[in-house]
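S.K.: what's the 3D shape of this:
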Amino acid sequence: MKDPYDEKFAPFLDFHELLQTLFPLLHSYARVDHVNRLGLVYSLNGTDDSLKPILFLAHQDVVPINDAADWTYPPFAGHFDGEWLWGRGASDCKNVLIGLLSAVEDLLSQDWQPTRSVLFAFGFDEESHGFLGAGNISDFLQKKYGPDSFEFILDEGGMGLETFSDNNDNSKLASASDDDDGVIYALPGVGEKGSIDIVLSLAVPGGHSSVPPPHTGIGIISEIIYSLERQDLFIPVLDERHPSRQKLECQVRHSPAQVEPWLASALRSSDHVSLAEKLADSRGDKFRFILQTSQAADLVAGGVKSNALPEKISALVNYRVALHQTPQEIQRRAVDIIGPIARKYNLSVTAFPADNQVDTSLNNHLTLTTLSGALDPAPVSPTDLRTDPVWARFSGVTRAVLESVPVLQGKTVVVSGDIMTGNTDTRFYWPLTRNIYRWSPSRTGRAVNIHTVDERVGIDAHLEAIMLYYGMPWDVVVSSLLPLNVNRQTSWCLNSHI
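M.R.: So this is what the prediction gives:
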């Protein structure tokens, strides 16, 4: 769907009316701009125009469901059982959108006025790449405010709150209640892997299935996918620039009894590939794919009847591109692997044409295109407490707020940025600030089943997130927060109550 005026978008208008009912003060005090009809931008003017505004993001849309009968409660009923709020979008990310507006509505009820301007921007197609929503909202904000015009941006995402389990299994991280060293790791996403979807479109002659060629078009596409999954495989890399290294240094410092016994010395190695592989083997695929490009054949289609040879066959392979690589490298690899297969079957090939279109008039032909262009890995937001006061302020407030959460009292909260393996609407907002944080601050196990059956969020986690939004640094960011003579490792891991 490309037209926001399509009648199928009508539920978003109902949602806008609901927001007006739920948050009357916000709609009274804020300027509300409707961008590309359904995108929402709320602007609250600050008292000091010399300060850069701050921007909070969420998205209104959710992924679809398959079969409502699979759900414990109807997926769009918003059922609350006293502990969990059940429903599609409960944890991705209506909880963020409603949490942000709940916090600001309460602040406005206290006659609060921000020192710096505060904006909220809510796209409506993040789950389908965000071009209609966030793409247009970003253009709107760049025209209004200019480049590098925001102090920081906070969106959904991140790795929540994690801790080591108490069973000495270093590959597993558990919830706060299972922690035995009193340290909780708050892990906002300060960067994202890149992404590219490579689409394979094959056209071959048809005919009756009783007289088949040695390999049908489906067989050829299958061989291509088989080869992509087995040749020139991707490797993990953990170099000095990767934010996960900062997290690991913090874990060595604050959880020495929990980390791998070899980790402290391994982090001093200059062999970034061996280090990454050793850590990936220790901590599992979830950690591996923070450091390594992933490849997944997700869609395949071809054939219309059991006795007719397939004429048009297509497949889509999704890549999430690691920080040390680019989408262009992924494209070159695909061409190198697929080329010999195409020659083997006497196929002509068009690889990534400028117009990204498939010429349907060609036969015995393979075309490689992308689904929606390519996305480079995101710029990594600065996280050095010695030189980056915005991060120092953000991480300090985060620690102060979270250590006041009842279930976390007595714990030490260490804030360290990390990399997201997925992508958010922030892909469109890079020109507005270098300080972009992606974080839905929930404890492990309290926001579950994102994108699948029985999605839900614990009401305690939702309220804890509102506490953080309520305590965000709405006022002036101080210019210097730590002495300059701290060493690099210490600077990642000291998070004072600022």
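S.K.: Would you map out the domains in the chain?
M.R.: Following automatic domain parsing, one gets these domains for the chain: 7-168+182-191+380-493, 194-230+293-375, 236-291.
S.K.: and the end-to-end length of the second one?
M.R.: Using C-alpha to C-alpha, to the nearest Å, the end-to-end distance of domain 194-230+293-375 comes out at 5 Å.
S.K.: picking up where we left off before, got the domains of the chain as a markdown table, with mean pLDDT, mean neighbour count and distance to Met1 columns?
M.R.: All C-beta atoms are positioned from the backbone trio N, CA, C, and that covers glycine. As requested, those are exported to a markdown table (pLDDT from 0 to 100; neighbours: other C-beta atoms under 10 Å; distance: least, C-beta to C-beta, whole Å):
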| stretch | mean pLDDT | mean neighbour count | distance to Met1 |
| --- | --- | --- | --- |
| domain 7-168+182-191+380-493 | 91 | 19 | 6 |
| domain 194-230+293-375 | 97 | 16 | 14 |
| domain 236-291 | 95 | 18 | 30 |
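S.K.: Wait, a strand at Ile466?
M.R.: No: per DSSP: H, G, I helix; E, B strand; the rest coil, Ile466 lies outside any strand segment and is helix.
S.K.: Spatially nearest residue to it, not counting backbone neighbours?
M.R.: In space, and not counting its chain neighbours, Ile466 is closest to Gly99: 4.7 Å by C-beta to C-beta, 6 or more residues apart in numbering.
S.K.: so that neighbour touches Tyr469, yeah?
M.R.: Yes: proximity of Gly99 to Tyr469 meets the contact threshold set by C-beta atoms under 8 Å, at 5.7 Å.
S.K.: could you measure Thr293 against Ser372, distance?
M.R.: The spacing between Thr293 and Ser372, counted by C-beta to C-beta, to the nearest Å, is 18 Å.
S.K.: With Tyr429 instead?
M.R.: Per C-beta to C-beta, Tyr429 is found 17 Å from Ser372.
S.K.: same check, this time on Leu432
M.R.: Leu432 sits 21 Å away from Ser372, taking C-beta to C-beta as the criterion.
S.K.: other SSEs contacting the helix or strand harbouring Ile137?
M.R.: When elements are defined using DSSP states H and E, Ile137 is found to belong to helix 134-145. Under the contact criterion of 3 or more C-beta pairs under 8 Å, 6 or more residues apart in numbering; DSSP states H and E, helix 134-145 touches strand 31-35, strand 39-44, strand 54-59, strand 118-123.
S.K.: and the first one, what other elements does it pack with?
M.R.: Packing partners of strand 31-35 (3+ C-beta pairs under 8 Å, 6+ apart): strand 39-44, helix 134-145.
S.K.: Recalculate using a threshold of 10 Å.
M.R.: Here strand 31-35 touches helix 10-22, strand 39-44, strand 118-123, helix 134-145, going by 3 or more C-beta pairs under 10 Å, 6 or more residues apart in numbering; DSSP states H and E.
S.K.: Keeping just the C-alphas, turn the second one into PDB.
M.R.: Just to be clear, that refers to strand 39-44. C-alpha atoms of strand 39-44 as PDB (Å, rounded to 0.1, in the frame of the first residue of the first chain):
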ATOM      1  CA  GLY A  39       2.100  10.600  10.400                       C
ATOM      2  CA  LEU A  40       1.900  12.500  13.700                       C
ATOM      3  CA  VAL A  41       4.300  15.100  15.000                       C
ATOM      4  CA  TYR A  42       3.600  16.700  18.400                       C
ATOM      5  CA  SER A  43       5.600  19.800  19.200                       C
ATOM      6  CA  LEU A  44       5.900  21.400  22.700                       C
END
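S.K.: Pairing partners for that strand, with directions?
M.R.: Next to strand 39-44 in the sheet, as set by DSSP bridges, lie strand 31-35 (antiparallel), strand 118-123 (antiparallel).
S.K.: still on that earlier bit, any residues in contact with both of Gly99 and Tyr469?
M.R.: Listed contacts common to Gly99 and Tyr469 are Phe56, Pro441; contacts here mean C-beta atoms under 10 Å, 6 or more residues apart in numbering.
S.K.: how about the helices in the stretch 251-400 of the chain?
M.R.: Taking DSSP state H, counting those that start in this stretch to define them, one finds helices in the stretch 251-400 of the chain at 263-266, 272-283, 285-291, 327-344, 389-402.
S.K.: can you put the ones you listed in CSV and add distance to Gly458?
M.R.: Listed next are the helices of the stretch 251-400 of the chain as CSV, based on distance: least, C-beta to C-beta, whole Å:
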stretch, distance to Gly458
helix 263-266, 32
helix 272-283, 25
helix 285-291, 21
helix 327-344, 37
helix 389-402, 15
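S.K.: and Ser227, which of the helices and strands packed on strand 31-35 is closest to it?
M.R.: For the helices and strands packed on strand 31-35, the distance to Ser227 is smallest for helix 134-145, at 34.7 Å, taking C-beta to C-beta.
S.K.: Just checking the distance from that closest one to the centre of its chain.
M.R.: In this view, helix 134-145 has its centroid 20 Å away from the chain centroid, taken as C-alpha atoms, centre = their mean, to the nearest Å.
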